[in-house]
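> show me the folded form of this:
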Amino acid sequence: MKALITTFHFFILSQLYSQVCTIDYSQTQVGIYPDSLPNAQVGQYYDQDLTFKMPIDTLGYPFLNFQIISLSLPPGLDWICSNNFNNCNYNPQLSPYGCIQISGTPLVAGSFTIDVLVYADLSVVNDYPIQFQIPLDILPFQINNSGLHFSYSQNSACAPAILNFTNDHLGLVHYIWDFGNGNFSNEEQPSAQYYETPGNFVLSYTAYDNLDSLEFYSLTEVSIMSMGNFGGGFPSFELADAYFKIYENGTLFYQSSVLMDQNPPVQWSTQLNLSPLNDYVIEIWEADQSIGEAIFGPDDFIGSQTLNFSNCYSCSLGNAIINYNVVNTIVAPTPTYYSTDTIFIFPPPAAVIVYLDTLTQELIAATQSQTYQWYYNNLVINGATEPLLQIDATGYYYLNVTDSNLCSSSSEIIFIQSTLDEPSIIKGLTQINPNPTNGDFDLITDSFWLDAKMILTTMDGRLILNGTISELKTSFHLNSLDAGVFFLRLEKGTQLQTLRIIKIS
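Numbers count the residues shown, from 1 in each chain. Next comes the predicted model:
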């Protein structure tokens, strides 16, 4: 009856504590499932259950117990077994199933091999080491650009522009702003930013809720260079079966696989993460009884040494000489929030050039644009939205144009004396002959315009020539230019006159 109660008690506890992970009872073959872990990602919480199905016997000998000794996990991950209350011991005669939960937040990216060390007890041998290896890939920290963690006054503007930014996560410990214009800031709420020139400016925002860097030490390699005093005193009767153990604060932390029938030098590659807050001891062993070679007696203890957190070469451990390598890794803090965006700063329209045709009393825009708006004495002229404007009053005129990016630019303000208001006050006579022209024409003036400045441009403002009038008749040759409209501007003192020339071929 006592045995029955004990068995029932064990069953109840097993059910109670097995809730840390879920057993996949659909697995019917002996092994660990899945045999390859799903990918993890730095900074993302990871939770994965491993189911294992234990064998009942081997070669006619029953397995009496399995104990999960250790899992070598990357930094940030930990494990717990379903029989954690019983030090991860499992009796396959009661149930061949068990499970392990691996969980945590990975801190280091890379491809890792997780070593699972299990001790098996048979009716003929105890603590027989069995090691499983399960691959796990941890992907680098990924930037999530699915949404912005800041806002700004506008995501497109016309140069030069001033933009304001607003932080959506106040109260964190550190911020990094990159505004794309060469300026950076660590302010919680940054000042306005000036974008002088057009272009596409990539912004980035990084926010941290802590700035703690984490330091890890990883044992990556152990080599036994030489080893003696094993095999029951008759080393010539057998080849070495070397392995090593590592204890953390006195508790078995890791046991390597046994390299059977190989005399040193022998080597293991490992990925064991060590904490500088704990004490570690490495022991060198030669396997005999634990691998079924009972003729040589129990396993031979070769030597031990406190593990230090630096490389060790030709270190003496009792009757062994070993090398091992410990790598120090410092993991920078992971951002709590990160996002990027692009601000588009468009160029303003090209310089707005306006000409006055004194013969027709028309203002002519020599600028291509989406929209036009004329102003008279700083007031909008209703309906004046074409490239041409008929002058009907004396006053100050200018043109504002807007392009497809909604960027605007204005011409210089021009004072015009309308011929409808007063007689022309323009001095001097001018004449273009012939006009229209095939390319050759003459400018005929009186003496008033001698030494006047003259500027010849295309309709879109491209300069053809400039100079001064030195004779009453000046010849021009536009034969090499395409047909079109040209403007000849004369300036002398306060006098200004613009002549329109039409080239027909």
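> would you mind splitting this structure into its domains for me?
2-139, 150-212+334-346, 214-331, 354-416, 430-503 (automatic domain parsing).
> can I get these in a markdown table including mean pLDDT and mean neighbour count?
Placement of C-beta: from N, CA and C, glycine included. Below are those laid out as a markdown table (pLDDT from 0 to 100; neighbours: other C-beta atoms under 10 Å):
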| stretch | mean pLDDT | mean neighbour count |
| --- | --- | --- |
| domain 2-139 | 83 | 16 |
| domain 150-212+334-346 | 91 | 15 |
| domain 214-331 | 87 | 17 |
| domain 354-416 | 87 | 16 |
| domain 430-503 | 85 | 15 |
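> which SSE is residue 263 in?
Residue 263 belongs to no helix or strand when assigned by DSSP states H and E.
> name the element the nearest residue in space to residue 52 that is not next to it in sequence belongs to?
Among residues not flanking residue 52 along the chain, residue 32 sits closest, at 4.8 Å (C-beta to C-beta, 6 or more residues apart in numbering). Taking DSSP H and E as the definition, residue 32 sits inside strand 31-33.
> give me the contacts around that strand.
Outside strand 31-33, the residues within contact range by C-beta atoms under 8 Å, 6 or more residues apart in numbering are 24, 27, 50, 51, 52, 53, 116, 132, 134.
> need these in JSON lines with distance to residue 499 and secondary structure, can you?
Shown next, in JSON lines, are the contacts of strand 31-33 (distance: C-beta to C-beta, whole Å; DSSP: H, G, I helix; E, B strand; the rest coil):
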{"residue": "24", "distance to residue 499": "93", "secondary structure": "coil"}
{"residue": "27", "distance to residue 499": "96", "secondary structure": "coil"}
{"residue": "50", "distance to residue 499": "92", "secondary structure": "strand"}
{"residue": "51", "distance to residue 499": "94", "secondary structure": "strand"}
{"residue": "52", "distance to residue 499": "98", "secondary structure": "strand"}
{"residue": "53", "distance to residue 499": "100", "secondary structure": "strand"}
{"residue": "116", "distance to residue 499": "95", "secondary structure": "strand"}
{"residue": "132", "distance to residue 499": "95", "secondary structure": "strand"}
{"residue": "134", "distance to residue 499": "89", "secondary structure": "strand"}
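> what distance separates the opening and closing residues of stretch 292-308?
33 Å (C-alpha to C-alpha, to the nearest Å).
> I misspoke; the intended subject was stretch 179-196.
End-to-end distance of stretch 179-196 (C-alpha to C-alpha): 13 Å.
> show me how far it is from its chain's centre.
Centroid separation for stretch 179-196 versus its chain: 20 Å, with C-alpha atoms, centre = their mean, to the nearest Å.
> list of residues touching it?
Here stretch 179-196 has contacts from 157, 159-167, 170, 172, 174-178, 201-204, 342-343, 345, using C-beta under 8 Å, 6+ apart.
> for stretch 20-27, same thing?
With contact meaning C-beta under 8 Å, 6+ apart, stretch 20-27 is reached by 33, 49-51, 53, 80-82, 84, 97-101.
> mind saving the C-alpha coords of that stretch as PDB?
Taking Å, rounded to 0.1, in the frame of the first residue of the first chain, the C-alpha atoms of stretch 20-27 are listed here in PDB:
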ATOM      1  CA  VAL A  20       5.700  24.500 -17.200                       C
ATOM      2  CA  CYS A  21       5.700  23.000 -20.700                       C
ATOM      3  CA  THR A  22       3.400  21.000 -22.900                       C
ATOM      4  CA  ILE A  23       4.200  17.400 -23.900                       C
ATOM      5  CA  ASP A  24       3.600  16.300 -27.500                       C
ATOM      6  CA  TYR A  25       2.200  12.800 -27.000                       C
ATOM      7  CA  SER A  26       1.900  12.300 -30.700                       C
ATOM      8  CA  GLN A  27       5.600  11.500 -30.900                       C
END
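> which of the contacts of strand 31-33 sits closest to residue 239?
residue 132 (25.1 Å; C-beta to C-beta).
> can I assume that closest one is in contact with residue 113?
No - using C-beta atoms under 8 Å, residue 132 makes no contact with residue 113, being 10.3 Å away.
> identify the bridge partners of residue 327.
residue 218 (DSSP bridges).
> list the contacts of it.
Contacts of residue 327 by C-beta under 8 Å, 6+ apart are 217, 218, 220.
> residue 220 versus that one, what's the distance?
Separation of residue 327 from residue 220 (C-beta to C-beta, to the nearest Å) stands at 5 Å.
> assign residue 448 to helix, strand or coil.
The assignment at residue 448 comes out as helix when based on DSSP: H, G, I helix; E, B strand; the rest coil.
> next step: the contacts of stretch 179-196 restricted to strands.
157, 161-163, 165-167, 174-178, 201-204, 342-343, 345 (DSSP state E).
> need the three-state assignment for residue 85.
Using three-state DSSP, the structure places residue 85 in helix.
> please apply the same query to the one 10 residues further on.
When the structure is split into helix, strand and coil by three-state DSSP, residue 95 lands in coil.
> might one say that residue 267 is in contact with residue 242?
No - when contacts are counted by C-beta under 8 Å, residue 267 is not listed as touching residue 242 (10.1 Å).
> what touches both of those two?
residue 224.
> neighbouring contacts of stretch 220-228?
235, 240, 242, 244, 256, 263-271, 282, 284, 286, 302, 314, 319-327.
> change it to 6 Å
Identification of contacts with stretch 220-228 by C-beta atoms under 6 Å, 6 or more residues apart in numbering yields 240, 242, 244, 264-269, 302, 319-325, 327.
> restricted to strands, list the residues you listed.
Residues of those located in strands (DSSP E): 242, 244, 266-269, 302, 320-325, 327.
> give the contact list for residue 49.
Applying C-beta under 6 Å, 6+ apart, the residues near residue 49 are 21, 22, 99, 101.
> for these, which two are the farthest from each other?
For the contacts of residue 49, the maximum inter-member distance is 8.6 Å, found between 22 and 101 (C-beta to C-beta).
> residue 295 should be in a helix, yeah?
Yes - membership of residue 295 in a helix is supported by three-state DSSP.
> that one and residue 501, how far apart?
Distance from residue 295 to residue 501, counting by C-beta to C-beta: 117 Å.
> so what pairs up with residue 110 in the strands?
With DSSP bridges as the rule, residue 110 is bridged to residue 138.
> with residue 259 instead?
With DSSP bridges as the rule, residue 259 is bridged to residue 242.
> that one against residue 265, yeah?
No - using C-beta atoms under 6 Å, residue 259 is not in contact with residue 265, being 10.5 Å away.
> what lines up beside the helix or strand following the strand holding residue 32 in the sheet?
Next helix or strand after strand 31-33 toward the C-terminus (DSSP H and E): strand 40-41. Sheet pairing here is set by DSSP bridges, and for strand 40-41 it gives strand 128-139 (parallel).
> ok, and what's touching the partner strand?
Residues external to strand 128-139 that are found in contact with it (C-beta under 6 Å, 6+ apart): 32, 36-37, 39-41, 74, 106, 109-118, 120, 255, 257, 290.
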